[in-house]
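>>> Quick one, structure for this:
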Amino acid sequence: MVLRFLTLCFAVLVLALPQKAMAEQRVAVFAGGCFWSVEAHFDKMPGVIATVSGFSGGTVANPSYERVLAGDTGHLEAVEVTYDSAKVTYDQLLYAFWHFIDPTDGGGQFCDRGNQYETAIFYGNDAEKQAAETSKLGIVEELRKDIATKIIPALPFYAAEPYHQDFASKNPARYEAYRVGCGRDVAIRSVWGERAFAGLPPT
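Numbering: from 1, shown residues only. Sure, this is the predicted structure:
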């Protein structure tokens, strides 16, 4: 009888452990221009478990990269971030996000122009909406400029083609050429000064 009870307790404990781990995993979606760069930045953050480059905010199901690039689907290039909320908070993700984009640019990001490269925060619930709006007010105070980044209810997210995933880590030379050629780092520093890339680990 005692052995049966102990076996049952052990089984319950084993089943409970993954559920606890799962409870700490959350998902957030951000659009910050080229998804290669957004993904690369979030991958650096401790507590981020996984990132997926893709598209959100549009009206066409399962859009291809070519269709989104053409600008007629309404989608933004976006990144889905899965994170461990016990190690990194949503507020910390927001803080890092603001400081690796140009939130004052309403026409795209850096050399990437068009509505598909606009910036946005896709909130999944009321708490995320409040956090995003509060952080945006803080950015207005910090920059003392109008902020173009939108705060939008979560919409379907579609993963981009496999060759876009982990592009920076799998194609470092090509990504570096793109990043430097696009002037991304220079532009971010021109907006933020010493606060550029705040919230990310030093490189």
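
>>> Pretty sure Ser64 sits against Glu161.
Yes. With contacts counted by Cβ atoms under 8 Å, Ser64 reaches Glu161, the gap being 7.4 Å. Using the backbone N, CA and C atoms, a C-beta is placed for each residue, glycine as well.

>>> Looking only at neighbour counts, state which of those two leads.
Between Ser64 and Glu161, counted using other Cβ atoms under 10 Å, Ser64 has the larger neighbour count: 14 against 11.

>>> pLDDT at the more buried one, what is it?
Note for Ser64: predicted pLDDT of 95.

>>> need the strands for this structure, in chain order.
Applying DSSP state E to the chain gives strands spanning 25-32, 48-56, 76-84, 108-109, 112-113, 119-123, 150-153, 157-159.

>>> Next, format those strands as CSV and append mean pLDDT, mean neighbour count and distance to Leu93.
What follows is those, written out as CSV (pLDDT from 0 to 100; neighbours: other Cβ atoms under 10 Å; distance: least, Cβ to Cβ, whole Å):
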stretch, mean pLDDT, mean neighbour count, distance to Leu93
strand 25-32, 98, 22, 6
strand 48-56, 98, 21, 8
strand 76-84, 98, 24, 7
strand 108-109, 97, 22, 18
strand 112-113, 96, 16, 22
strand 119-123, 98, 23, 9
strand 150-153, 98, 15, 14
strand 157-159, 98, 17, 16
